[in-house]
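S.K.: Kindly generate the corresponding structure for this input.
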Amino acid sequence: MDKNTEKGLEFFKKADYDNAINHFQKSIELNGGDFYTYNNMATSYYLKEDYEKAIEFYIKAIKLSPKAPDVYMNLANAYKATGDLALALDTLEAGKFSALKAIHKYLFDEIYDFAGKV
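M.R.: Model (predicted):
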């Protein structure tokens, strides 16, 4: 994680979303951006209730990491906030496979860890 993303997260944790966005944007400009930075930038916009910008950056995050189930939930919530329930449902449907794989991996790891302790 680069310094601008780290600084952006510091501002994000303080609910200073404008400064967080500025640092996330600098990170994207200097490093091309990664899933994590785009998702945090989108969430900053979401918490500022700028849902259109949040949607824009959640979509970019999905393009970088289409198997990350959390971002589908975030995007669906942004669509819901704009009143577009059809797109919210479509987004949840699109992310369903990713979420099921994540749940499966989590459960498999938990069972494997438990079996190793018995």
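S.K.: how far does the helix or strand where residue 41 lies sit from the chain's center?
M.R.: Here residue 41 sits within helix 35-47, counting by DSSP states H and E. Relative to the chain's own centre, helix 35-47 is displaced by 6 Å; criterion: Cα atoms, centre = their mean, to the nearest Å.
S.K.: Which strands and helices lie in contact with that helix?
M.R.: With contacts defined as 3 or more Cβ pairs under 8 Å, 6 or more residues apart in numbering; DSSP states H and E, the packing partners of helix 35-47 are helix 3-13, helix 17-31, helix 51-64, helix 69-81. All C-beta atoms are positioned from the backbone trio N, CA, C, and that covers glycine.
S.K.: nearest to residue 41, of those helices?
M.R.: Ranking these by their distance to residue 41 (criterion: Cβ to Cβ) puts helix 17-31 first, at 3.9 Å.
S.K.: picking up where we left off before, turn the helices and strands packed on helix 35-47 into JSON lines, including mean neighbour count and distance to residue 91.
M.R.: JSON lines is the format used below for the helices and strands packed on helix 35-47 (neighbours: other Cβ atoms under 10 Å; distance: least, Cβ to Cβ, whole Å):
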{"stretch": "helix 3-13", "mean neighbour count": "17", "distance to residue 91": "23"}
{"stretch": "helix 17-31", "mean neighbour count": "18", "distance to residue 91": "22"}
{"stretch": "helix 51-64", "mean neighbour count": "19", "distance to residue 91": "9"}
{"stretch": "helix 69-81", "mean neighbour count": "20", "distance to residue 91": "4"}
